[in-house]
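J.: structure, please.
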Amino acid sequence: MCNPPNLVRLREIQSQDLPKLFEFQLEPEGNERALTHPRNSQEFDEHWYKILRDPSVTIRAIMVDGTLAGCISCFPCEKQNHVGYWLGKTHWGKGVASDALLAFLDEVTDRPLYARVAASNASSIRVLQKGGFQEVCREWTPGSERFVACEEVVFKLP
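T.: From the prediction side, this is the model:
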């Protein structure tokens, strides 16, 4: 028997989403896949305070069957618009990220868009490819407080 498809919707971030999004970004396996270091509570709050007030950032909650599953955003980085997303682990492997990205790309119509992903993160690479992103290059990115040093794949949606 097949599982029914997820009902994926995007909506504005609400203040009550933040504790769950904080919890999602603490997930050890998620950080291992994305090669990120989770933010502590203060860093998380400061980051969200900043992005929710930045008119150049578009950020949406990803809802699955009425439940918060993660978030997706478009943000400026090095004079380019980049896309990023994060899902809670219970929503991995179900097509949620792909569906959310396609819905987001209908809303955010500026092109080109870019995305960067750890070369070892095969599932995120597949999501971007399903969304029409094409690999531009691979480059070594040094580590930082937030990111682990790694080879990253740079993608572009023309």
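J.: from residue 110, how far off is residue 117?
T.: 20 Å (C-beta to C-beta, to the nearest Å). Backbone N, C-alpha and C define where each C-beta goes, glycine included.
J.: cool, and residue 86?
T.: Distance from residue 86 to residue 110, by C-beta to C-beta: 21 Å.
J.: okay, these two: which has more neighbours?
T.: residue 86 (18 against 8; other C-beta atoms under 10 Å).
J.: and the more buried one, how far from residue 136?
T.: For residue 86, the distance to residue 136 - C-beta to C-beta - is 22 Å.
J.: equivalent analysis for residue 121, please.
T.: Taking C-beta to C-beta, one finds residue 121 at 16 Å from residue 136.
J.: give me the phi and psi for the closest residue to residue 131 other than its chain neighbours.
T.: Distances taken as C-beta to C-beta, 6 or more residues apart in numbering put residue 101 closest to residue 131, at 4.4 Å, once the chain neighbours are dropped. When read as degrees, to the nearest 10, the backbone of residue 101 gives phi -60, psi -40.
J.: where does residue 125 sit, in terms of helix or strand?
T.: In the assignment (DSSP states H and E), residue 125 maps to helix 122-130.
J.: which phi and psi does residue 35 have?
T.: The phi/psi pair for residue 35 (degrees, to the nearest 10) is phi 60, psi 50.
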